[in-house]
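**Student:** coords below, sequence missing:
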């Protein structure tokens, strides 16, 4: 099936600002991994090529980081690893988006844990002791980084407490008590510090937390939640782990509904942050996380949500990710923009192109492209063709799609002078490290030579590199296959003399 698309635009028309809500935050695994040099290399690469504003990771209070212990029943605080973690992030122009988790074992009310790294998920044995730890933590951050800096950070209470006995062994009411003690401790230091939650899966507990804060007269600065296009029935009261792919348009529907709950509440001006999202939560879902499908799913979702939400944090930056232990193969359905061997996925290219778009949108009403310009008559275009699946396999096989082709022509009037045009494409066969690894035979362990070979062919394919003379109109014509995307760099050549 071929879809024919035509856009007729004017370089002198009114524009809309390009909404960069997508680069406000990026996710990471647990905080201790930040001490690994290979992870740090991935962060540097992402910041050099894309540039996110903040980063969110689990487990800043995990025992490996070593913030809290007790000697003879008395608290002992140690922030050396916190400093190493946050110092590094700030050196990369990444503000910490601080998830207040997990429970230090010495402070925990029980032994229930989750993940390979055994994160304690129980409520505190003493909420006052938890509040005291939060106080010492914030005072240390302010002493080290300055109040003005820390005022720009978000402090989010816990992670997905709605997932009973997965991320939180307590009740909803016990989570609300955790929020109460956390927000009161932080606001007692400075009421301008930003605190929020409930950081739930599947857009849950938003109304309940708003009602709780209203009833108890507690401050709240933002609502945060998560969602995936394939979500599981893991909330409290369910014993069934069932994944259902709900369709990419469900992503916008979720966010619009969540924002509406906030806007009609007694806290109508709260920011709304999605601090996790992706195609699916399955670690084995290679097609949903590693393939060309993931790249266009990201682009379509971000196009749909432009102007709707304050931030939308992709989960996550790197496949150096240890919830279920280290990856068994170079591509294994982890969540990252970069594989564990440092190979750039199609999602990396999608975010890189997004970050390069200019600030003025010429086609705000289009649904599958951005045409942008700067103030010097230069143009950048990003266009894609996302196909939805007819059936899915979350265990690693390809989804089945109704494959389509997008035949697109973009006319831009008001273009005069000489221009250089360079264009790149990413699809199943080009700019696709996952497919290149498959063609290599899917080796479980990549040699250094194999990594370098894959890196040499991982970049988007350049399909146009030319110079043209425009006498009032610029015409771009391209064909985009299933789950492919193209990017144009169109620069005006200033005449000399």
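**Tutor:** Structure received. Everything numeric in this text was worked out from a predicted model, so none of it was measured.

**Student:** spatially central residue for this protein, please.
**Tutor:** residue 314 (1.3 Å; Cα atoms, centre = their mean).

**Student:** next one: the residue nearest to that one when sequence neighbours are not counted from residue 351, what distance?
**Tutor:** Spatial nearest neighbour of residue 314, excluding adjacent residues (Cβ to Cβ, 6 or more residues apart in numbering): residue 26 at 5.9 Å. (C-beta placed from N, C-alpha, C; glycine too.) Distance of residue 26 to residue 351, given as Cβ to Cβ, to the nearest Å: 9 Å.

**Student:** before we move on, what about residue 363?
**Tutor:** 20 Å.

**Student:** overlap of the contact sets of residue 26 and residue 351?
**Tutor:** Here residue 26 and residue 351 share the contacting residues 314, 337, scored by Cβ atoms under 8 Å, 6 or more residues apart in numbering.

**Student:** strands of the stretch 251-400 of the chain, residue ranges please.
**Tutor:** Secondary structure of the stretch 251-400 of the chain (DSSP state E, counting those that start in this stretch): strands located at 271-278, 311-312, 360-361, 369-373, 379-385, 389-391, 400-401.

**Student:** contact partners of the fourth one?
**Tutor:** Counting by Cβ under 8 Å, 6+ apart, strand 369-373 makes contact with 7, 9, 11, 15, 18, 303, 357-363, 379-384, 408, 410, 412, all of which sit outside it.

**Student:** tell me the angle of that strand relative to strand 379-385?
**Tutor:** With axes from the mean of the first three to the mean of the last three Cα atoms, to 10 degrees as the basis, strand 369-373 and strand 379-385 are set at 180 degrees to each other.

**Student:** how about the first one?
**Tutor:** Angle of strand 271-278 versus strand 379-385, following the same axes, to 10 degrees, is 50 degrees.

**Student:** in its sheet, what does strand 271-278 sit against?
**Tutor:** Applying DSSP bridges to the sheet, strand 271-278 is found paired with strand 222-228 (parallel), strand 311-312 (parallel).

**Student:** of all those, which one is nearest residue 72?
**Tutor:** In terms of Cβ to Cβ, the element of the strands paired with strand 271-278 nearest to residue 72 is strand 222-228, at 37.6 Å.

**Student:** contacts for the closest one, please.
**Tutor:** Here strand 222-228 has contacts from 154, 156, 160, 194, 196-206, 209-210, 251, 254-255, 258, 262, 270-281, 310, 315, using Cβ under 8 Å, 6+ apart.

**Student:** tell me where the stretch 101-250 of the chain has helices.
**Tutor:** With DSSP state H, counting those that start in this stretch, the ranges of helices along the stretch 101-250 of the chain come out as 127-145, 147-150, 172-189, 206-216, 250-263.

**Student:** picking up where we left off before, out of residue 363 and residue 351, which sits in the busier spot?
**Tutor:** residue 351 (27 against 20; other Cβ atoms under 10 Å).

**Student:** wait, the more buried one sits on residue 337?
**Tutor:** Yes: the criterion here is Cβ atoms under 8 Å, and residue 351 meets it with residue 337 at 6.4 Å.

**Student:** can you list the domain ranges for the protein.
**Tutor:** The record's domain split for the chain, according to automatic domain parsing, is 2-15+361-493, 19-356.

**Student:** average model confidence for the first one?
**Tutor:** Spelled out, that is domain 2-15+361-493. The average pLDDT for domain 2-15+361-493 rounds to 97.

**Student:** against residue 355, how distant is residue 491?
**Tutor:** Applying Cβ to Cβ, the value for residue 491 to residue 355 is 17 Å.

**Student:** meant to ask about residue 14
**Tutor:** From residue 14 to residue 355 the distance is 24 Å (Cβ to Cβ).

**Student:** what of residue 122?
**Tutor:** Shown here: residue 122 relative to residue 355, a distance of 40 Å by Cβ to Cβ.

**Student:** so which of the two has more stuff around it?
**Tutor:** residue 122 (20 against 15).

**Student:** pLDDT score assigned to that one?
**Tutor:** 98.

**Student:** give the contact list for it.
**Tutor:** Shown in contact with residue 122 (Cβ under 8 Å, 6+ apart): 103, 108-112, 169-170.

**Student:** show me the two of the residues you listed that sit farthest apart.
**Tutor:** Spatial extent of those (Cβ to Cβ) is set by the pair 111 and 170 at 13.7 Å.

**Student:** so for residue 330, which of the strands of the stretch 251-400 of the chain sits nearest?
**Tutor:** Counting by Cβ to Cβ, residue 330 lies closest to strand 271-278 out of the strands of the stretch 251-400 of the chain; the figure is 19.0 Å.

**Student:** next, count neighbours for the closest residue to residue 104 other than its chain neighbours.
**Tutor:** Once flanking residues are discounted, residue 104 sits nearest to residue 68: 3.8 Å by Cβ to Cβ, 6+ apart. Residues contacting residue 68 under the criterion other Cβ under 10 Å number 23.

**Student:** so what sits against both of residue 351 and residue 337?
**Tutor:** Taking Cβ under 8 Å, 6+ apart as the contact rule, the neighbours common to residue 351 and residue 337 are 50, 314.

**Student:** got the contact list for the strand or helix carrying residue 46?
**Tutor:** Using DSSP states H and E, residue 46 sits within helix 37-49. Contact partners of helix 37-49, identified using Cβ under 8 Å, 6+ apart, comprise 26, 33-34, 52, 55, 88-89, 92-94, 317-318, 320, 336-338, 340, 342, 348, 352, 355.

**Student:** hang on, the earlier thing: got the contacts of residue 122 as TSV, with pLDDT columns?
**Tutor:** Listed next are the contacts of residue 122 as TSV, based on pLDDT from 0 to 100:
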residue	pLDDT
103	98
108	98
109	98
110	98
111	97
112	97
169	98
170	98
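
**Student:** ok, and the most crowded of these?
**Tutor:** Compared across the contacts of residue 122, residue 103 has the highest neighbour count, 28 neighbours, by other Cβ under 10 Å.

**Student:** among the contacts of helix 37-49, which ones are buried?
**Tutor:** 26, 33-34, 52, 55, 88-89, 92, 94, 317-318, 320, 336-338, 340, 342, 348, 352 (16 or more other Cβ atoms under 10 Å).

**Student:** of those residues, which belong to helices?
**Tutor:** 88-89, 348, 352 (DSSP state H).

**Student:** how about those residues, which pair is most distant?
**Tutor:** The two members of these with the most space between them (Cβ to Cβ) are 88 and 352, at 21.8 Å.

**Student:** now residue 316: how far from residue 487?
**Tutor:** Distance from residue 316 to residue 487, counting by Cβ to Cβ: 23 Å.

**Student:** my bad, should have said residue 169
**Tutor:** Taking Cβ to Cβ, one finds residue 169 at 46 Å from residue 487.

**Student:** equivalent analysis for residue 455, please.
**Tutor:** Computed as Cβ to Cβ, the residue 455 to residue 487 distance reads 20 Å.

**Student:** which of these two has more neighbours?
**Tutor:** residue 487 (23 against 15).
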